[in-house]
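I would like to see how this sequence folds:
(2 chains)
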Number of protein chains: 2
Amino acid sequence: MDKKKEILIVGLGLLGGSYAMGLSKRGWRVSAIDRDEFALAYAREKGIIDEGASRDFEPLVERAGRIVFALYPAAFVEWVRTYKHLFRPGLIFTDVSGVKQGVVEPIQAMLPDGVEFIASHPMAGREVSGVQNATDAMFAPANFIITPTDKNTPAGLAFARVLAETLGFAHICTLSPEAHDRMIGYVSQLTHAIAVSLMCASDNAHLAEYTGDSFRDLTRIARINETMWSELFLENREILAAEIDQFTATLQTLKSHLLDGDRAALEEMFVTSTRRRAAFDK
Amino acid sequence: MDKKKEILIVGLGLLGGSYAMGLSKRGWRVSAIDRDEFALAYAREKGIIDEGASRDFEPLVERAGRIVFALYPAAFVEWVRTYKHLFRPGLIFTDVSGVKQGVVEPIQAMLPDGVEFIASHPMAGREVSGVQNATDAMFAPANFIITPTDKNTPAGLAFARVLAETLGFAHICTLSPEAHDRMIGYVSQLTHAIAVSLMCASDNAHLAEYTGDSFRDLTRIARINETMWSELFLENREILAAEIDQFTATLQTLKSHLLDGDRAALEEMFVTSTRRRAAFDK
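This is a model prediction of the structure:
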């Protein structure tokens, strides 16, 4: 077996399971660590992983040359702190975290020589969780962001890129951890904050009878994993708070035009939004 | 020909054209008035209408027993003011306007005896315009709202309902004009205001490379007809302004929890939004 096609996945939830599925299908040998024995049994039975362990997993880690951590950010940092003595020289690992500054710096700082962490973020997800809902089909239309620092090597970068290419992501790009967190604060976290606020702002059980597609689309992501997203929001709190303020100011400008009866100013905002949005449909 | 299956459509744009298409397909005789001779010629050629006129259209109006007005709200009120002397006794007409209070009261007040206006709102649309983009397929999953007042009769209500049933709307309901405008201020206008503000809040030409589905979904409707929507917004300005404030307050509450590091409060908002949104996916 080609050593480069062996991988350990720590955390076999929706994303970890989907990585495992995509890699197994393409001939990789996948092992997994998860605290849920049932998730591991399910994944073994379905051929999503070759082997797995919920405890006594030290040999799996010591043997690993490549690892993907698919844990929530705080659990990921804690896991590395606890078990990094098991990492063998030459190990390269990546993650799937939706925030980068809070994980990249502390983890790269604590690693022994010869062990490399190259951070990455698959911009894919679903409103359901667990390995039972895993599907590598969600990667095909999605973006994959790698966030290298000066601690990374060409070998680390190559690993992240091969992983993304193997899983079939539509578009692979690199950003600094800072640029990633700023960008994600706008395009992902702010949109989730808006959808959640839209559902929380009014309680009308009959809304579904009257709504058109627009409300349905805008609130799809209001169905949200509260544990994961509160952690992602808090990890990126300053950036997200600034994005909320910038968005709020724009919305209040629109309201002022409305109350002033300033039709020309309203139309100008609509023309701007139409032009900018058109760039997404090219 | 069954007189009940003859209809005149005033305004042959996306919605008027889609009504014409749906009714023609189901055996109705459809005539149309539009200022654009090319739209009429296109619709005649494609079998969407039987006849049409851009001027000298008085005979079409005098003959009409049923009319659908598919004009912008202000143009609709103005049209009725100008041509109501042509309305024959027994005429029942409806509209497609996205706001109701500003059209229902003035129009019902100016009508001659024996002529009835029953207002309605097909909750369907597309991000394109014109009869060339007409399609009655968009009605099948959509809601249809009728907004009767004490000026309406069972015959008027029956006409609106038959129209909606013939066009194949998924769900037909009635609301007062006031309740309609409050509801639409929240589920339709507020969502458009949010999408537009989201696109206007930040100008980053490279966003499309990084975005996930959430940003794409939330901004789909930011591609917007500036003439129509500024009119709809202004017609409903007090209600929409209040909805913007209520939404903004909720979003700012979320921001406070974020800056306070209040994870429990954030999770509570996420749990609420998840529960409420789940009602839409039943």
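
Is the lengthiest helix in chain A positioned near chain B?
If you go by DSSP state H, chain A has its longest helix at helix A:237-260. Yes - on the criterion Cβ under 8 Å from any Cβ of the partner chain, helix A:237-260 is in touch with chain B at A:237, A:240-241, A:244-255, A:258-259. C-betas here are computed from N, CA, C, even on glycine.

which of those are buried?
A:Arg237, A:Leu240, A:Ala241, A:Ile244, A:Phe247, A:Thr248, A:Thr250, A:Leu251, A:Leu254, A:Lys255, A:Leu258 (16 or more other Cβ atoms under 10 Å in any protein chain shown).

Let me see the contact set for A:Ser120.
Taking Cβ atoms under 8 Å, 6 or more residues apart in numbering or on different chains as the criterion, A:Ser120 is in contact with A:Thr94, A:Asp95, A:Val96, A:Phe144, A:Ile145, A:Ile146, A:Thr147, A:Ala160, A:Leu163, A:Ala164.

just the strands in the stretch 1-150 of chain A please.
Per DSSP state E, counting those that start in this stretch, the stretch 1-150 of chain A carries strands over the ranges A:6-10, A:29-33, A:51-53, A:66-69, A:92-95, A:116-117, A:119-122, A:143-147.

Let's have the ones you listed in a markdown table, adding mean pLDDT.
As requested, the strands of the stretch 1-150 of chain A are exported to a markdown table (pLDDT from 0 to 100):
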| stretch | mean pLDDT |
| --- | --- |
| strand A:6-10 | 98 |
| strand A:29-33 | 98 |
| strand A:51-53 | 97 |
| strand A:66-69 | 98 |
| strand A:92-95 | 98 |
| strand A:116-117 | 98 |
| strand A:119-122 | 97 |
| strand A:143-147 | 95 |
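
For A:Ile107, give me the pLDDT.
In the predicted model, A:Ile107 carries a pLDDT score of 98.

Does it touch A:Val77 like I think?
Yes - at 6.1 Å, A:Ile107 counts as touching A:Val77 under the criterion of Cβ atoms under 8 Å.

These two: which is more packed in?
A:Ile107 (22 against 19; other Cβ atoms under 10 Å in any protein chain shown).

Let me see the contact set for the more buried one.
Here A:Ile107 is in contact with A:Phe76, A:Val77, A:Val80, A:Phe117 (criterion: Cβ under 8 Å, 6+ apart).

one more time with 6 Å
A:Val80, A:Phe117 (Cβ atoms under 6 Å, 6 or more residues apart in numbering or on different chains).

Let's see the pLDDT reported for the residue nearest the centre of chain A.
The structure's chain A has its C-alpha centroid closest to A:Gly98; by Cα atoms, centre = their mean the separation is 4.0 Å. Looking at A:Gly98, its pLDDT is 93.

Any chance of the backbone angles for it?
With angles defined as degrees, to the nearest 10, A:Gly98 sits at phi -80, psi -10.

Name the nearest residue to it, sequence neighbours excluded.
Among residues not flanking A:Gly98 along the chain, A:Leu232 sits closest, at 4.7 Å (Cβ to Cβ, 6 or more residues apart in numbering or on different chains).

Make sure that neighbour is actually in contact with A:Lys100.
No - with contact defined as Cβ atoms under 6 Å, A:Leu232 does not reach A:Lys100; the gap is 10.9 Å.

how far does stretch A:116-123 sit from the chain's center?
Taking the mean C-alpha point of stretch A:116-123 and that of its whole chain, the gap between them comes to 9 Å (Cα atoms, centre = their mean, to the nearest Å).
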